[in-house]
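Participant: Give me coordinates for this.
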Amino acid sequence: MLYAPSIMSSADKTRSRKNDPESMRAKILDAAAELFQAKGYNDTSMQDITATASVTSGALHHHYASKKSLGLAVVEHRIAAALRAAWIEPMLAAPSVEEGVRASMLAIAAELRQQGFVRGCPVNNLTIELAFADPDFRAALEPLFAEWRRIIARKITAERKLSAAKADAAATFIISAYSGAMALAKAEQSSTPLETTAQLLGQWLSTSTATPEKRTRRTRNPRRNQAR
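Facilitator: Below is the predicted model of the structure:
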């Protein structure tokens, strides 16, 4: 998942038991991803990565000539996959946008409670640290947000019959609310901001972007609405 101490996939763990170049790259990527998440990209040295991955400097530079090339590979092969597992796949599988948002955010909150600390969202962490200062990282990170927004907006359009522009705006709001909640969770070292935001987003999704049919049912049942 996105926030646990390790984001290595089961396939990578299997490969890591084999003495081959792909296994070596996986070890390096995993070590770099963990260090970038724990310390930040700028405060992580290549020596930190070799020590954590238990590889030589020569092996590291054979696969990644520079820290930047390694960082971009982490975005492509680790951060993108983690975002897909934590948000994209649950959203695609959910019966509704509301349930998809709740499932993703509450699963992340539960994971944070279990691990006992909050390091933040890897996508947001790298974006805040690098997107303004480095155009190459911005070019690598922006498509992740674009796909994230597109998947949510597409589901909203299909479910709520909103225009593409309104669905995109709603998706942008959802991602922005989540990102802010994760920043608060990191500052407070608590999952509570995520849980609160998940609840409020669910309420918002059930009203402001509801289908005409849902709005009609609420209008026809005012007592039921008051009971809620």
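
Participant: what's the closest residue to Thr197 other than its chain neighbours in contact with, if anything?
Facilitator: Sequence neighbours aside, Ala181 is the residue nearest to Thr197 in space, at 3.8 Å (criterion: CB to CB, 6 or more residues apart in numbering). All C-beta spots, glycine's among them, are computed from the backbone N, C-alpha and C. Shown in contact with Ala181 (CB atoms under 8 Å, 6 or more residues apart in numbering): Met105, Pro193, Leu194, Thr196, Thr197, Ala198.

Participant: Looking at the residues you listed, which are in helices?
Facilitator: Met105, Pro193, Leu194, Thr196, Thr197, Ala198 (DSSP state H).

Participant: re the thing from before, reformat the contacts of Ala181 as CSV; add pLDDT and distance to Arg149.
Facilitator: Shown next, in CSV, are the contacts of Ala181 (pLDDT from 0 to 100; distance: CB to CB, whole Å):
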residue, pLDDT, distance to Arg149
Met105, 98, 16
Pro193, 98, 21
Leu194, 97, 19
Thr196, 98, 22
Thr197, 98, 17
Ala198, 97, 18
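
Participant: Tabulate the residues you listed (CSV), appending neighbour count and distance to Tyr41.
Facilitator: Shown next, in CSV, are the contacts of Ala181 (neighbours: other CB atoms under 10 Å; distance: CB to CB, whole Å):
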residue, neighbour count, distance to Tyr41
Met105, 27, 25
Pro193, 20, 24
Leu194, 25, 24
Thr196, 15, 30
Thr197, 22, 26
Ala198, 22, 29
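
Participant: quick one: which helix or strand includes Gln203?
Facilitator: Per DSSP states H and E, Gln203 falls inside helix 192-205.

Participant: and that helix, what does it pack onto?
Facilitator: Applying 3 or more CB pairs under 8 Å, 6 or more residues apart in numbering; DSSP states H and E, one finds that helix 192-205 makes contact with helix 97-115, helix 164-188.

Participant: Surely Ile174 and Leu201 touch.
Facilitator: Yes - the pair formed by Ile174 and Leu201 meets the contact definition of CB atoms under 8 Å, at 6.2 Å.

Participant: what about these two, which has more around it?
Facilitator: A direct count of neighbours by other CB atoms under 10 Å for Ile174 and Leu201 places Ile174 higher, at 27 against 20.

Participant: what about the more buried one, distance to Trp87?
Facilitator: Taking CB to CB, to the nearest Å as the measure, Ile174 falls 10 Å from Trp87.

Participant: got the contact list for Thr50?
Facilitator: The neighbours of Thr50, taking CB under 8 Å, 6+ apart as the test, are Thr56, Ser57, Ala59, Leu60.

Participant: For the last one, which non-adjacent residue is closest in space?
Facilitator: Pointing back at Leu60 there. Thr50 (5.3 Å).

Participant: circling back: show residues contacting the helix holding Gln203.
Facilitator: Contacts of helix 192-205 from elsewhere in the structure, counted by CB under 8 Å, 6+ apart, are 97-98, 101-102, 105-106, 108-109, 112, 174, 177-178, 180-182, 184-185.

Participant: try 10 Å this time
Facilitator: 96-113, 118, 156, 159-160, 170, 173-174, 177-187, 210, 228 (CB atoms under 10 Å, 6 or more residues apart in numbering).

Participant: For Glu129, state which of the contacts of Thr50 is nearest.
Facilitator: Leu60 (21.3 Å; CB to CB).

Participant: what about the strand or helix carrying that closest one, average pLDDT?
Facilitator: In this assignment (DSSP H and E), Leu60 forms part of helix 57-63. Averaging the model's pLDDT scores along helix 57-63 yields 95.
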